[in-house]
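1. give me the fold of what follows.
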Amino acid sequence: MRKYLKRLLIFLFLLVFVFLALPFLAAPWVCHIGGDVVCFGGVAEVTGSVWGPCNYTGAVEIIDGPPIEWGRDGFKCVAAGRAGGKTYAVFIREVEADYPTRDPFKSEAERNLCYCAKGEIALYIFGVEPAVLVAYPGILVVDVEEGVGYLSIVYRFPPFQWLFNYSYFIFGGDGVYLNIEGFETLRYMSGLKAAVGAKREIGGPLLKGCAYRVKVRLEPEKLTISQPLYNATAKAVRVG
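-> Numbers count the residues shown, from 1 in each chain. A predicted model of the protein is given here:
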């Protein structure tokens with residue numbers, strides 16, 4: 001009897017050990033987001049043109065992009081114009097995440113596993129899973145002729161897409177910039193709103209001024225651009 005009891009205790013010990021070790025063993029692959037990340041640099045004073053609103057009635061398909069948890073609404077074209085001899089279109093779409101990871105990547109189960117491996121294993125051992133949904137605006141700037149896009153996430157900013165209209169985007173000599181001067185006076189969670197960029201892993205540091213370089217399939221004939229409305233000089237961060 002003692003022999004079988006000893007074996008049972010050893011089996012239970014190994015089972016608990018594997019359960020505790022699994023998240024840490026899985027962390028390298030489950031936390032890694034993937035995708036081609038490019039960085040444009042930090043905040044700078046930029047001069048360029050503000051173009052009027054655009055209209056797009058076609059589909060937007062991202063190819064080989066990072067595993068984003070998108071909101072229910074689709075992409076909305078908010079601005080389109082010319083910069084550096086190219087035509088760019090700016091799309092906005094809400095991305096979703098949950099607390100405490102606050103990252104809109106992969107599935108909820110994968111995010112939880114990653115977060116568990118990063119030090120909050122007690123929450124999941126006792127079955128206490130956070131269920132607070134958070135959302136952020138995702139900005140997709142597309143080079144219409146080449147079918148290349150730059151996707152960045154706007155962290156620490158109220159997740160209301162209507163806050164981003166054409167007036168916030170400056171078409172400069174080498175690309176498209178997000179004017180952040182109006183955001184700096186808005187405080188939330190003691191952080192500035194102008195936290196725009198990409199990440200290489202769930203729960204990792206935000207690479208400010210960076211974006212995921214993705215292939216995008218558009219229907220250019222269904223895109224209607226406006227015209228340059230006025231010139232602007234502002235503190236901005238490049239998003240495409």
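2. and the gap between the residue nearest in space to the middle of the chain and Thr47?
-> The centroid of the chain falls nearest to Ile153 when counting by C-alpha atoms, centre = their mean (3.1 Å). Using C-beta to C-beta, to the nearest Å, Ile153 is found at 26 Å from Thr47. C-beta here means a position set from N, CA and C on the backbone, and glycine is covered the same way.
3. now Asn231
-> 7 Å.
4. before we move on, back to that, C-terminal to the host helix or strand of the residue nearest to the centre of the chain, what's the next element?
-> Assessed by DSSP states H and E, Ile153 sits inside strand 148-155. Sequence order places strand 169-171 as the next helix or strand after strand 148-155, per DSSP H and E.
5. what segments of the chain are helices?
-> Taking DSSP state H, the helices of the chain run over residues 2-30, 108-117, 121-125.
6. list the contacts of Glu201.
-> Shown in contact with Glu201 (C-beta atoms under 8 Å, 6 or more residues apart in numbering): Cys31, His32, Ile33, Cys114.
7. what is the most widely separated pair among these?
-> Spanning the widest gap among the contacts of Glu201 are Ile33 and Cys114, at 9.9 Å by C-beta to C-beta.
8. now the common contact residues for those two.
-> With C-beta under 8 Å, 6+ apart as the test, Ile33 and Cys114 both reach Lys106, Glu201, Ile202.
9. reformat the residues you listed as CSV; add distance to Pro53.
-> Putting the shared contacts of Ile33 and Cys114 into CSV (distance: C-beta to C-beta, whole Å) gives the following:
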residue, distance to Pro53
Lys106, 33
Glu201, 36
Ile202, 34
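10. ok now the strand holding Ile153, how far from the chain's centre?
-> With C-alpha atoms, centre = their mean, to the nearest Å as the basis, strand 148-155 stands 6 Å off its chain's centre.
11. how about stretch 51-58?
-> 22 Å.
12. buried residues, it. List them.
-> For stretch 51-58, a neighbour-count test (16 or more other C-beta atoms under 10 Å) marks Trp51, Cys54, Tyr56 as buried.
13. and it, what's its mean pLDDT?
-> Per-region confidence: stretch 51-58 scores 94 on mean pLDDT.
14. which residues sit against that stretch?
-> For stretch 51-58, the external contacting residues (C-beta under 8 Å, 6+ apart) are 75, 77-82, 89-91, 165-166, 169, 171, 218-219, 221-229.
15. ok, now with 10 Å
-> Residues from elsewhere that reach stretch 51-58 (C-beta atoms under 10 Å, 6 or more residues apart in numbering): 75-83, 88-91, 142, 165-167, 169-171, 176, 217-230.
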